[in-house]
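In: need a structure here:
(one chain, ligands or ions: 1)
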Amino acid sequence: MPPSPSDAEAPTIHPALAVRRSATKGRMVVAASAIEPRTTLMVDLPYALVPAPRAHDPPFSFCSRDRCHRRLPLPSQTAVTCPQRCAPEVVWCSQDCRAQDTARHQPECAWLRSGGCTVRQKHGEFGFELLWLLAKMFIRKHCDGSLTTTTATTTTRDADADADADADTTSHFNHRGWDSVWDLAGSPASFPDQDVRGWRDLARAHLVDKIPGVACTLDQAVGLVCRIETNSFGLYPGVTGEFPITQRQGRGEYYGSGLYPTAAMFNHACCPNVSHRLDEHNRRVFSANRKIMPGEECCISYFDLVDFQDAAVRRHEVRTKWTFACDCQRCQDDADEKLPDFLSGLGLDVDSD
Ligand SMILES: C[S@@+](CC[C@H](N)C(=O)[O-])C[C@H]1O[C@@H](n2cnc3c(N)ncnc32)[C@H](O)[C@@H]1O
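Out: Model prediction:
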């Protein structure tokens, strides 16, 4: 059987992209040289993915093998299920993928059979999804062992891009495997104590010493939840972040979530210059929405812009779900537009001296 296209070990990163740091946003992806519209900027591979619970009737599942992750429409007549029936969400696209995934799935299967059902009953599908993702990440780390590589696949380089990108040799873009996950933003200090205590209790009860043969400490588990909460991506069949918004359809129904460690470097804007979609192997493909000028930040949207047209609702979404205040150009423009209304509501004339 030929290797699937997702057997590639490293993300593809356009050579014009570099990582810089800002006082307010932390690290950010910038264009070191001009980027033309529709250029593919990055194709990132997930470190781990979990499918949405079947109870929510998702439109897709995907192959459990890390290096395949082929998308499978639901209901599927051809998907291969686990003979141990560990969880209805565990499927493979072929017997071959299941066979190749045996070593990885063994501890996962044992964990799902011994604790999975209890977690669902006690903590609901959301708690189950989070713990399963954590378990999959620790199992991936265990299976990869100390195997980390520092080689990124890049497309053609030009001289201008080389100068800037090479100055960035210690950047996140050079990290792979577990290193790229652990290097992500997100620590207990960024979350309310109550949340952190809850995650600690969850991990102590259902994760630490609960995955046969797989090492996982309480601090690592809590650190990982913080990174997941800050950086994870949902899986949707459509495009996220096309701007300007030209269609009313939205990106479709949620079918899973996971961590894309290199793509997690993109910051958010409500007028993104980069959009993203998933290919048939759940690799995340990022493309320029328009021409991006040298030095300009490359931003995606963290949510479906079709669902959040109103500025106040959008800002509330960012503040409550991602815990930062969005100061992108669109939010600033919306605020400027609303200022005259706001002032006249107070009985003040904006045009008077
Ligand atoms: C997925 S990470 C993006 C990469 C991150 N800046 C880093 O240093 O690794 C998300 C975090 O970046 C910051 N961030 C992203 N978009 C932002 C924005 N528009 N304004 C301010 N902070 C932002 C927030 O701290 C957020 O929790």
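In: count of neighbours near the closest residue to Cys271 other than its chain neighbours?
Out: Nearest non-adjacent residue to Cys271, counting by CB to CB, 6 or more residues apart in numbering: Arg330, 3.8 Å away. Glycine gets a C-beta too; all of them are placed from N, C-alpha and C. Counted with other CB atoms under 10 Å, residues neighbouring Arg330 total 17.
In: can stretch 249-260 be found next to the ligand?
Out: No. Stretch 249-260 stays clear of the ligand (CB under 6 Å from any ligand atom), getting no nearer than 9.8 Å.
In: thinking again about what came up before, tell me how far the residue nearest to Cys271 lies from Arg27.
Out: 22 Å (CB to CB, to the nearest Å).
In: Which helix or strand contains the residue nearest to Cys271?
Out: Applying DSSP states H and E as the criterion places Arg330 in helix 329-345.
In: In contact with Ala103, which residues?
Out: Cys143 (CB atoms under 8 Å, 6 or more residues apart in numbering).
In: That one belongs to a strand, doesn't it?
Out: No. Going by DSSP: H, G, I helix; E, B strand; the rest coil, the assignment for Ala103 is helix, not a strand.
In: Model confidence for it, exactly?
Out: At Ala103, the model reports a pLDDT of 97.
In: Show residues contacting stretch 74-91.
Out: So stretch 74-91 is in contact with 50-54, 58-64, 72, 92-95, 97-98, 105, 108-109, 112-113, 116, going by CB under 8 Å, 6+ apart.
In: If you drop the residues flanking it in sequence, what lies closest to Leu112?
Out: Cys86 (3.9 Å).
In: what about that neighbour, neighbour count?
Out: Cys86 has 19 nearby residues by other CB under 10 Å.
In: now do Leu218
Out: 14.
In: Next SSE downstream of the worst-scoring helix or strand of the chain on mean pLDDT?
Out: The weakest-scoring helix or strand in the chain, judged by mean pLDDT, DSSP states H and E, is helix 159-166 (a mean of 42). The first helix or strand that comes after helix 159-166 along the chain, using DSSP H and E, is helix 177-182.
In: can you tell me if that next one touches the ligand.
Out: No. Using CB under 6 Å from any ligand atom, helix 177-182 stays clear of the ligand, with a minimum separation of 11.2 Å.
In: Determine the set of other helices and strands touching that helix.
Out: With contacts defined as 3 or more CB pairs under 8 Å, 6 or more residues apart in numbering; DSSP states H and E, helix 177-182 has these neighbours: helix 117-144, helix 218-231.
In: what does it contact?
Out: So helix 177-182 is contacted by 47, 137, 140-141, 144, 147-149, 172, 223-224, 227, 259, 261-262 (CB under 8 Å, 6+ apart).
In: Quick check, central residue of the protein?
Out: Centroid-nearest residue in the chain: Phe233, 2.7 Å away (criterion: CA atoms, centre = their mean).
In: Double-check that the residue nearest to Leu112 belongs to a helix.
Out: No. Counting by three-state DSSP, Cys86 is not found in a helix; it is coil.
In: buried stuff in stretch 88-103?
Out: For stretch 88-103, burial by neighbour count (16 or more other CB atoms under 10 Å) applies to 89-94, 97-98, 100-101.
In: Quick check: residues of the chain near the ligand?
Out: 24-28, 185, 230-231, 264-265, 267-269, 322, 324, 326-328.
In: Please repeat the previous calculation with a cut-off of 8 Å.
Out: Residues of the chain lying near the ligand by CB under 8 Å from any ligand atom: 21-22, 24-28, 172, 184-186, 190, 230-231, 264-269, 299, 302, 318, 322-328.
In: out of those, which are buried?
Out: 27-28, 172, 184, 186, 230-231, 264-269, 299, 302, 318, 326, 328.
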